[in-house]
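Novice: what shape does this take:
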Amino acid sequence: MKIVSAILVGVTCYACSLSETYTLMGTLPEESDVTEVYLLSKEGKGADTLARGSVQADRTFTLKGKAESSLLYLNMGNHGGRIYFYSEPGEYQLEKAGGSYFIEAQQEGILSRLNVHLRKIEENTRAQFDLQKQIARAKEEEAERLGRENERLWKEGNELLLAMVADFKGSDVAVALVQDNMWTVTYDFKLFSRVVETMGDVPDSEAKNEIMEKYEEAKRKQLTGKAPDFTLPDVNEKEVNLSNYKGKYLLIDFWASWCKPCRMKIKELKKEYGRLQELGIEVIAISCDKKKEDWLKAVEEDQPIWKQLRVDQEINGSDTADDYKVEFLPTLYLISPDGMVLDTNPGMEEIEHVVKNNK
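Specialist: The predicted structure follows:
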């Protein structure tokens, strides 16, 4: 009887151990020449190898281990890019969809939820990539239309990222997803702020601290408070001051002749200029061109309707772009009638909202 009991206990423990493990199988691409695959705790420097498996002659592999319920990364050499794996108990299979690899779960769980988002993001990224190739060989009018579509896809991609982070709000998965997409969110402080808020209240960790340090650094770089005064020359060498616009809403566009998105923004502003005037908003542009002739040539080609100025350190005493903390071109600022910075890079809807709520 004691022997039977011991056997039953052993079977029970074995069943428990199986329920806490994962099995991940897959086949590597034909061009792959790696002999091992790895599951890593993070990407890049400082990653720990949590599991490794040999690649067979037919390029198949199997990884088995204890399910730690954490977000890991499958490394299979130079092919496949970032491949997420959430180590819950169960069976998993490496699959290729489109141009990317995903680890498919045989059961519902964190990874299956994550893959829904990743597939949408992959589709958006692929659309942007294809569009960029079209823009490169398109004529001017077609390039303008494609540029608007590219901007729409970019915004859609940001919303997809936010939706993915929101699905795992308050968890270490949300933190990892934000950290993995820092190259995107640090480009746009508004997006960065939304992502941090969406990430939610998560426990302290090295990853979270890194994100928050970069967020605070980005926050310090934002232009806030009183807009810096300036004295700059227009196309006729007449000096213009910010104080000339006191009592009016002002939209300042920092741009340069060599910046293609800047030139597209000019066309966009020309279409919106009537509405901006209706809202009582004046527009001025400040060129960051080093050569005056390049600036004047672009103004002649694009025919903007609003006042055109150029950065001139000798007249102003400092670089106006630096004073305004401009890091990317184009950069636009909405200034209040009393000279306060209201918004950075606002769209038309944001401009209307800000102006109507400040009257």
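Novice: buried residues in the helix or strand hosting Y73?
Specialist: Taking DSSP states H and E as the criterion, Y73 maps to strand 71-75. For strand 71-75, burial by neighbour count (16 or more other CB atoms under 10 Å) applies to 71-75. C-betas here are computed from N, CA, C, even on glycine.
Novice: mind putting the residues you listed in CSV, pLDDT and distance to E144 included?
Specialist: Output for the buried residues of strand 71-75, formatted as CSV (pLDDT from 0 to 100; distance: CB to CB, whole Å):
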residue, pLDDT, distance to E144
L71, 93, 41
L72, 94, 44
Y73, 94, 40
L74, 94, 41
N75, 91, 42
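Novice: picking that back up, which other helices and strands contact the strand holding Y73?
Specialist: Using 3 or more CB pairs under 8 Å, 6 or more residues apart in numbering; DSSP states H and E as the contact test, the elements touching strand 71-75 are strand 36-40, strand 84-86, helix 172-180.
Novice: go through those and name the closest to I252.
Specialist: When these are compared for distance to I252 using CB to CB, the nearest one is helix 172-180, at 31.0 Å.
Novice: where does the prediction get shaky in this structure?
Specialist: Applying pLDDT under 70 to the chain flags residues 1-19, 78-81, 359.
Novice: spatially central residue for it, please.
Specialist: When CA atoms, centre = their mean is applied to the chain, the residue found nearest the centroid is T184 (2.3 Å).
Novice: element containing it, please.
Specialist: helix 182-185.
Novice: from what I can see L279 touches V354, true?
Specialist: No: L279 lies out of contact with V354 (CB atoms under 8 Å); the separation is 9.7 Å.
Novice: circling back to that earlier point, nearest residue to the residue nearest to the centre of the chain other than its sequence neighbours?
Specialist: Spatially, and ignoring its direct neighbours in sequence, T184 is nearest to L161 (6.8 Å; CB to CB, 6 or more residues apart in numbering).
Novice: cool, N345 as well?
Specialist: The spatially closest residue to N345, leaving aside those adjacent along the chain, is L332, at 5.3 Å (CB to CB, 6+ apart).
Novice: residues contacting the one you found?
Specialist: L332 sits next to 251-254, 265, 344-346 when contact means CB atoms under 8 Å, 6 or more residues apart in numbering.
Novice: so it: helix, strand or coil?
Specialist: Assigned state for L332: strand (three-state reduction, DSSP: H, G, I helix; E, B strand; the rest coil).
Novice: going forward can the numbers begin at 6, since that is how I track them
Specialist: Renumbered: residue one is now 6, and that last one reads L337.
Novice: from S323, how far out is it?
Specialist: 20 Å (CB to CB, to the nearest Å).
Novice: go on, L123?
Specialist: On the measure of CB to CB, L123 and S323 end up 46 Å apart.
Novice: how about D234?
Specialist: As for D234, its distance to S323 is 10 Å (criterion: CB to CB).
Novice: what do you get for L33?
Specialist: Counting by CB to CB, the gap from L33 to S323 is 57 Å.
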